[in-house]
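A.B. asks: Predicted model and sequence below, questions to follow.
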Protein chains: 4
Amino acid sequence: MIIVMKAGATKHEKDEVVERVKELGYKPHVIHGTTRDVIGAVGDERKKLVLQQLESMSGVESVVPILKPYKLASKEVKKEKSIIRITDDVAVGGRQVCVIAGPCAVESEKQIMEAAEAVRKAGAHMLRGGAYKPRTSPYSFQGMKEKGLKLLAKAGKMTGLPIVTEVVNPETAELVAEYADVLQIGTRNSQNFELLKKIGKLKKPVLLKRGMSMTIQELLMSAEYIMSEGNQRVILCERGIRTFETATRNTLDLSAIPVVRNETHLPIAVDPSHGTGHLKYVAPMAYAAVAAGADALIIEVHPDPEHATSDGPQSQTPAVFAETMAKLRLFAEAAGRTL
Amino acid sequence: MIIVMKAGATKHEKDEVVERVKELGYKPHVIHGTTRDVIGAVGDERKKLVLQQLESMSGVESVVPILKPYKLASKEVKKEKSIIRITDDVAVGGRQVCVIAGPCAVESEKQIMEAAEAVRKAGAHMLRGGAYKPRTSPYSFQGMKEKGLKLLAKAGKMTGLPIVTEVVNPETAELVAEYADVLQIGTRNSQNFELLKKIGKLKKPVLLKRGMSMTIQELLMSAEYIMSEGNQRVILCERGIRTFETATRNTLDLSAIPVVRNETHLPIAVDPSHGTGHLKYVAPMAYAAVAAGADALIIEVHPDPEHATSDGPQSQTPAVFAETMAKLRLFAEAAGRTL
Amino acid sequence: MIIVMKAGATKHEKDEVVERVKELGYKPHVIHGTTRDVIGAVGDERKKLVLQQLESMSGVESVVPILKPYKLASKEVKKEKSIIRITDDVAVGGRQVCVIAGPCAVESEKQIMEAAEAVRKAGAHMLRGGAYKPRTSPYSFQGMKEKGLKLLAKAGKMTGLPIVTEVVNPETAELVAEYADVLQIGTRNSQNFELLKKIGKLKKPVLLKRGMSMTIQELLMSAEYIMSEGNQRVILCERGIRTFETATRNTLDLSAIPVVRNETHLPIAVDPSHGTGHLKYVAPMAYAAVAAGADALIIEVHPDPEHATSDGPQSQTPAVFAETMAKLRLFAEAAGRTL
Amino acid sequence: MIIVMKAGATKHEKDEVVERVKELGYKPHVIHGTTRDVIGAVGDERKKLVLQQLESMSGVESVVPILKPYKLASKEVKKEKSIIRITDDVAVGGRQVCVIAGPCAVESEKQIMEAAEAVRKAGAHMLRGGAYKPRTSPYSFQGMKEKGLKLLAKAGKMTGLPIVTEVVNPETAELVAEYADVLQIGTRNSQNFELLKKIGKLKKPVLLKRGMSMTIQELLMSAEYIMSEGNQRVILCERGIRTFETATRNTLDLSAIPVVRNETHLPIAVDPSHGTGHLKYVAPMAYAAVAAGADALIIEVHPDPEHATSDGPQSQTPAVFAETMAKLRLFAEAAGRTL
């Protein structure tokens, strides 16, 4: 931490800050500047975030953190990139770009079976589908719940695809974990810390979506919640942030890919469907994500988008998805990867 | 809903849309424009949000909603402003501006007792304090939990102040409700729909904070979740939104006050402490909130901010709070209200 | 400046940075941390922003500025608040809250005369009106130009009100300065540095609007452009920033008032008309601005809003404005000021 | 335009609106809804934006535009994609992805010559370099001005590369046009409408950067300003928007590429250097831009970044640029294009 003193801070005020820094277990280090002094506090600031409280002291202008607040997610702890193995055949973070596809929500046996079969045929590696749906409106379809989980599992078994589905409540987390291969934490629950702690105690890989207004650093802190409970198998997922632009549903922040690569050993997935909200923008952004280095993609595919109960406007048909996959292969190769 | 057709949409495409509109139970109404046609779908669109899915249809450019998606929170259902009664003496939404004050977190018996006594003395109407703390870092203090609830209850009893405290998990909601007079939903849980549904089933008033990147319409939809489960006693709370500005911790959106007043019968509180994140900005923004018409304020007060476990830099001391209250009285009067 | 080295930076890399810091005229000061070193560079960093370039050096993680980049606008240079005198009777920054009112654009002699008379009668201190209109669309009304200036001057003379009008081009700046008492820089020109330099050479007070996505620090840097050319009479103006919220045209950031008060000696005005974009929100936000400590308000008033060529939906009628002024007086008094 | 009436609007209010719609030259079309009526106004709303003013009328809740406000930039006017020819050899918008490279600012003859030679050798198609620099601080290097233009022209002649340089003032626009092959409008001048009108009268292609908080629709409106003055040769440029994320200097909005492709016939360039602000993120985002369909890239390359007067931290060295170009070729091919 660097504590910046006010221009006119008195000697007494500086002494008090130095004293308090020592009291908190850090080694103070004063630099006398031309207009103001700064005090470095040497020590691992992560376990003692209380240092920020020095901002309340008389004569202090601001407190500037130097270290990143995450540890288990950082490259300092683990240098080489993590490969999250899902099954014997499927992993995220390796040379292969992993494609997760399927409908927004499980709506019926017919729908999920058709979707599963279609995405498998086109080359997807995992099947997605929501059984518990966090919807902005209480009047919208809230998912088929356990019945949906059973249908998903059936579709997964039929196609041999591992399944990815969302957990929305600590109370039902274990139930979901019985059926799912990967537990998804949605954007609205990305700082639902009680849910993160619960998931951290389960033994299933996690797909952790970035919150709508979450910095990448905060995303890593949410990963840290899961990891500090014992579950190291976290896949981060960029899905668009909220900005002033309305041409797209969210603003897909693809620069999160190289930033994440620089900051952590965890792999990163991209969701171009929620990230753009419009079918016609999904494929180009999927290509771009792979070119920027994404480890996985999660794409909404529905056998009949105009009758979908949710997210129809951004869902690909099986035919469009097959076409997207064909082009994706070319971009994966250009990136030195396989699909 | 207004369905905007593409400029070159064919007659067949238009017919299909008209057919689908009827199928969904709406009455279609076509307007032939100079460059494109638009189709109005007459009917209550709130219960059938699927209409949005028409955007997937061939020839459709966009689907524009006309009605607001909330119902119970709307003025159409209830014209007069709601007054949320907390105890015989305290209510939110009436002529009196209600001030809720206290520390960010309950830290010890001494701390909460001192804080409670100080805010009561200065004229606060309710006591706040967190027993369960949702913190960005898993390494930060997570609250005293049930022990904290007991201390809060004790401090409330001693001072006669009703208490406001946060609920973070459906699993502990009932426990919190045993001790609290008002249940707070924090900004990070503002779209934790499972928690909202649970709270909707309890019989306690709710202070619902706006999410960091939540539109006011979405805030009302979260209120709608609580209300549609049977609990109508919701107090909305503006606490700052996330923007590019870094001089303040968040950007306190005071225009939310007149917007909320225009859209709903529910009362609105303002949290200038989290909204600004710096002690020196809290008082001016509290005055501004009252001038703009806020029904309540929630202000962080700590007997010793520089030793606080959280939010020290934005906490007022008892002396500063007393001063703030004195000035607030003048602004409340100018606004035709009492304090 | 604080230069943060990477965790594994070599001795050679650190030496190179220290060398470069000296070369640039600063005194280096190394702090050895537990996981990484930081190097303080002591000296006035404002005139040598090149220090930021050290981020390109091998082994450097980031460069963190400590000093604020503005000088003339800072309180270090001038402690007491500036009062910008416009005429013998009118000043901004003193005890009196100054109200600037009038139509968005000058449309006709009749319109501007009626508007001027109405706002004077209600107690406004200055008359606003645009003769050069920066409009998003080239097909919108672009203003009456010099003819508009003449009408404004006539209206000002008739009512005795000083006039405030916008400058949009260095080429016409002097012409505008012949007619105007205060030169306005609009939000879209807030970083049109050529225009700022030009205005800095003229001898008229300036109302400098904050850009739509400008931090307060950048606003002060734009003021610094004007001041460093010799013109110290700058009034800052908060007019709403661009965020994700769509209920209002912009998000009026009233916390800018105490932040500006804390950072600079320059006075601050607030524009609740552009800040909200809707008539019904203008008055409450005007009250809030005064409560938060604004030195001036700029409010759109039009004798016939529904026939206005621009900004009709946010313009007050003379009757509404008179009512707003009456209430504003109460809030100004509560704030210890006059109106 | 769709005019949405309030729920309780009277017959008289509706009649008034219908009358006013007719008066403005539109054909009104009333749809009676279940809770409120909406009135369609049939006619080309672009030339008569005054329709928005109906929001001031009694009984009106909101006015929703249906048509896009741009015309010359729209696909309705020109269906096929525009190819902007710069010289006999270079064009933007065709099959070849065009790479513009060079330093942020021209600093000396040696620097620009070295940079030009290096980027030409690596395969760039145009040379960039600023002679007039719009800088946030008045104390930063403001560019070499005409001397810089001369050096740029010399470097362009030596290497055979057309040059791209920024125009910052209507007063010097013609001077810049004498030397430059492409006139750049920077992000801070993207709504400097006086400059846009001036540029619209010159006969040189324009690279128009998106403003930091500009929607894509507003970007097209700024293009419309240039085009409506007679200059149709506009290349749009995405360069990052301002959001809450601080890991990157801006948030590069690559979804702007498919959105622009969908809305207009104009080509689109991407600036990954300003878009990210950090060297290590430039290359991945350049690859992503090409994968998403960008027609051109503009990349900062400096022979000695750590001694650069501006933008050092985001500048590539010639060696890194050559490597980036080699990989870019693979992605261009995957996208069915050449480099």
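C.D. replies: Cool, the structure landed. Numbering: from 1, shown residues only, chains lettered A, B, ... in the order given.
A.B. asks: Just the buried positions in the one helix or strand A:Ala116 maps to, please.
C.D. replies: Secondary structure from DSSP states H and E places A:Ala116 in helix A:109-122. If you call a residue buried by 16 or more other Cβ atoms under 10 Å in any protein chain shown, then helix A:109-122 has these buried ones: A:111-120, A:122. In short, each C-beta sits where N, CA and C put it, glycine included.
A.B. asks: ok, of these, which one's closest to A:Glu333?
C.D. replies: Within these, distances to A:Glu333 taken as Cβ to Cβ reach their minimum at A:Ala122, with 17.3 Å.
A.B. asks: so what pLDDT did that closest one get?
C.D. replies: A:Ala122 is assigned 98 on the pLDDT scale.
A.B. asks: One more: A:Lys48?
C.D. replies: 54.
A.B. asks: Please enumerate the strands of the stretch 51-200 of chain A.
C.D. replies: A:60-64, A:84-85, A:91-92, A:98-102, A:126-128, A:163-166, A:182-185 (DSSP state E, counting those that start in this stretch).
A.B. asks: Could you confirm A:His12 falls within a strand?
C.D. replies: No - judged by DSSP: H, G, I helix; E, B strand; the rest coil, A:His12 forms no part of a strand; its state is helix.
A.B. asks: and the residue of chain A nearest chain B?
C.D. replies: A:Ser213 (3.2 Å; Cβ to the nearest Cβ).
A.B. asks: what about the residue nearest to A:Val164 when sequence neighbours are not counted, neighbour count?
C.D. replies: Leaving aside its sequence neighbours, A:Val164 sits nearest to A:Val182 (Cβ to Cβ, 6 or more residues apart in numbering or on different chains; 4.2 Å). For A:Val182, the neighbour count with other Cβ atoms under 10 Å in any protein chain shown is 21.
A.B. asks: pretty sure A:Val182 contacts A:Leu202?
C.D. replies: No - assessed by Cβ atoms under 8 Å, A:Val182 is found out of contact with A:Leu202, at 11.2 Å.
A.B. asks: show me where pLDDT drops low in the stretch 1-150 of chain A?
C.D. replies: A:45-50 (pLDDT under 70).
A.B. asks: where do the helices sit along it?
C.D. replies: Remark: helices assigned in the stretch 1-150 of chain A by DSSP state H, counting those that start in this stretch are A:11-23, A:109-122, A:146-159.
A.B. asks: Quick one: closest of those to C:Leu328.
C.D. replies: Of the helices of the stretch 1-150 of chain A, nearest to C:Leu328 by Cβ to Cβ is helix A:11-23, at 39.9 Å.
A.B. asks: So what touches that closest one?
C.D. replies: When contacts are defined by Cβ atoms under 8 Å, 6 or more residues apart in numbering or on different chains, helix A:11-23 is touched by residues A:3, A:5, A:27-28, A:30, A:37, A:39, A:41, A:51, A:54, A:57-60, B:306.
A.B. asks: Mind picking the two most distant members of the residues you listed?
C.D. replies: It's A:Lys27 and A:Ser58 that sit farthest apart of the contacts of helix A:11-23, by Cβ to Cβ, at 22.2 Å.
A.B. asks: for chain A, what's the longest helix?
C.D. replies: Within chain A, and with DSSP state H defining each element, the longest helix by residue count is helix A:318-334.
A.B. asks: list the buried ones in it?
C.D. replies: A:318, A:320-322, A:324-325, A:327-332, A:334.
A.B. asks: What angle do strand A:98-102 and that helix make with each other?
C.D. replies: Using axes from the mean of the first three to the mean of the last three Cα atoms, to 10 degrees, the inter-axis angle of helix A:318-334 relative to strand A:98-102 is 170 degrees.
A.B. asks: Output the contacting helices and strands for helix A:318-334.
C.D. replies: strand A:98-102, helix A:109-122, helix A:279-292, strand A:296-300, helix D:318-334 (3 or more Cβ pairs under 8 Å, 6 or more residues apart in numbering or on different chains; DSSP states H and E).
A.B. asks: Turn those into CSV, including distance to A:Ser137.
C.D. replies: Formatted as CSV, the helices and strands packed on helix A:318-334 follow (distance: least, Cβ to Cβ, whole Å):
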stretch, distance to A:Ser137
strand A:98-102, 23
helix A:109-122, 22
helix A:279-292, 22
strand A:296-300, 19
helix D:318-334, 41
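A.B. asks: so which of these comes closest to D:Lys147?
C.D. replies: helix D:318-334 (23.8 Å).
A.B. asks: between that closest one and helix A:279-292, how many degrees?
C.D. replies: 140 degrees.
A.B. asks: so A:Gly25 sits right up against A:Gly43, yeah?
C.D. replies: Yes - here A:Gly25 reaches A:Gly43: they are 6.2 Å apart, a contact under Cβ under 8 Å.
A.B. asks: So those two - more neighbours on which side?
C.D. replies: A:Gly43 (20 against 12).
A.B. asks: Alongside chain C, which residues does the stretch 151-300 of chain A contribute?
C.D. replies: Within the stretch 151-300 of chain A, the positions near chain C by Cβ under 8 Å from any Cβ of the partner chain are A:242-244, A:246.
A.B. asks: From the domain annotation, what segments belong to each domain of chain A?
C.D. replies: Using automatic domain parsing, the domains assigned to chain A come out as A:2-64, A:84-334.
A.B. asks: what's the first-to-last distance across the last one?
C.D. replies: Start and end residues of domain A:84-334 are separated by 23 Å (Cα to Cα, to the nearest Å).
A.B. asks: And for the first one?
C.D. replies: Terminal residues of domain A:2-64 are spaced 5 Å apart (Cα to Cα).
A.B. asks: How far away from the center of its chain is it?
C.D. replies: 34 Å (Cα atoms, centre = their mean, to the nearest Å).
A.B. asks: now do stretch A:208-226
C.D. replies: Using Cα atoms, centre = their mean, the offset of stretch A:208-226 from its chain centre is 6 Å.
A.B. asks: touching chain D at all, that stretch?
C.D. replies: Yes - interface with chain D: stretch A:208-226 contributes A:213, A:215-217 (Cβ under 8 Å from any Cβ).
A.B. asks: Can you say which of those residues are buried?
C.D. replies: A:213, A:215-217.
A.B. asks: got these as JSON lines, with distance to D:Glu229, secondary structure and pLDDT columns?
C.D. replies: Below are these laid out as JSON lines (distance: Cβ to Cβ, whole Å; DSSP: H, G, I helix; E, B strand; the rest coil; pLDDT from 0 to 100):
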{"residue": "A:Ser213", "distance to D:Glu229": "39", "secondary structure": "coil", "pLDDT": "95"}
{"residue": "A:Thr215", "distance to D:Glu229": "42", "secondary structure": "coil", "pLDDT": "97"}
{"residue": "A:Ile216", "distance to D:Glu229": "42", "secondary structure": "helix", "pLDDT": "97"}
{"residue": "A:Gln217", "distance to D:Glu229": "45", "secondary structure": "helix", "pLDDT": "96"}
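A.B. asks: Which of the residues you listed sits closest to chain C?
C.D. replies: A:Ser213 (8.2 Å).
A.B. asks: isn't that closest one right up against C:Thr243?
C.D. replies: No - assessed by Cβ under 8 Å, A:Ser213 is found out of contact with C:Thr243, at 10.3 Å.
A.B. asks: so which of the strands of the stretch 51-200 of chain A gets nearest C:Lys145?
C.D. replies: Per Cβ to Cβ, nearest to C:Lys145 of the strands of the stretch 51-200 of chain A: strand A:60-64, 46.9 Å.
A.B. asks: Next, the contact list for the closest residue to A:Leu161 other than its chain neighbours, please.
C.D. replies: Excluding its sequence neighbours, the residue lying closest to A:Leu161 (Cβ to Cβ, 6+ apart) is A:Leu127, at 4.2 Å. Counting by Cβ under 8 Å, 6+ apart, A:Leu127 touches A:100-102, A:115-116, A:119-120, A:152, A:155-156, A:159, A:161-164.
A.B. asks: separation between A:Leu127 and B:Val301?
C.D. replies: 52 Å (Cβ to Cβ, to the nearest Å).
A.B. asks: Repeat that for A:Ala9.
C.D. replies: With Cβ to Cβ as the criterion, A:Ala9 and B:Val301 are 26 Å apart.
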